[in-house]
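>>> dropping a prediction and its sequence here:
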Amino acid sequence: MVAGAFPLAKLLTLGARQLSRPLAARIKAGARASPFFRTYICLPPAQLYHWVEMRAKMRLMGFRGATVKPLNEEAAAELGAELLGEAIVFGVGGLCIYLEYARQAGQARRREDEQAAALRELGERLERLQGELDAMAARL
């Protein structure tokens with residue numbers, strides 16, 4: 001049985017992605033409960049997201065220069081916690097993709113090194129055989 005046949009790295013990646021959802025839910029719950037986290041981590045991105053979204057919608061509808069009212073604190077905290085949770089899940093997914101890419105690149109590099117070593121060995125063997133052939137031809 002081949003040890004490398006079982007895709008352990010892919011299984012670990014899947015496990016990390018599955019664990020990121022409950023982790024994101026816990027962080028979201030903590031963000032809603034903690035005043036510091038709520039004020040400095042959740043609210044600013046939520047207000048920025050709301051402002052950008054409303055500006056884009058208004059421009060699409062043809063309104064120019066209309067002011068955007070900020071969200072109330074409760075709605076902004078909820079939106080910020082959702083954004084944070086989605087960012088965590090997206091970050092874990094991106095990290096898994098990067099790690100898989102790095103693993104595949106390492107395997108490809110190792111394979112190329114093995115092929116280059118085999119080619120060098122064949123070249124050396126060919127030179128040795130050529131030398132032996134020249135020596136035999138000289139004896140005849």
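Everything's here; your move.

>>> quick check, residue 54 in contact with residue 68.
Yes - when contacts are counted by Cβ atoms under 8 Å, residue 54 is listed as touching residue 68 (4.4 Å). Bear in mind the C-beta positions are built from the backbone N, C-alpha and C, glycine included.

>>> who has more neighbours out of the two?
Legend: neighbour count by other Cβ atoms under 10 Å for residue 54 and residue 68, higher for residue 54 (17 against 14).

>>> separation between that one and residue 111?
52 Å (Cβ to Cβ, to the nearest Å).

>>> next: residue 39.
For residue 39, the distance to residue 111 equals 52 Å [Cβ to Cβ].

>>> higher neighbour count, those two?
Shown here are residue 39 and residue 111; by other Cβ under 10 Å, residue 39 has more neighbours (13 against 10).

>>> who's in contact with that one?
Neighbour list for residue 39: empty [criterion: Cβ atoms under 8 Å, 6 or more residues apart in numbering].

>>> same check, this time on the one 5 residues further on
Residues in contact with residue 44 (Cβ under 8 Å, 6+ apart) are residue 80.

>>> check what pLDDT it gets.
On the pLDDT scale, residue 44 is placed at 94.

>>> how near is it to residue 79?
For residue 44, the distance to residue 79 equals 11 Å [Cβ to Cβ].

>>> go on, residue 27?
15 Å.

>>> before we move on, what SS does the most centrally placed residue in the chain have?
For the chain, the residue nearest the mean C-alpha position is residue 94 (2.2 Å; Cα atoms, centre = their mean). When classified by DSSP: H, G, I helix; E, B strand; the rest coil, residue 94 comes out as helix.

>>> residue contacts, it?
For residue 94, counting by Cβ under 8 Å, 6+ apart, there are no contacting residues.
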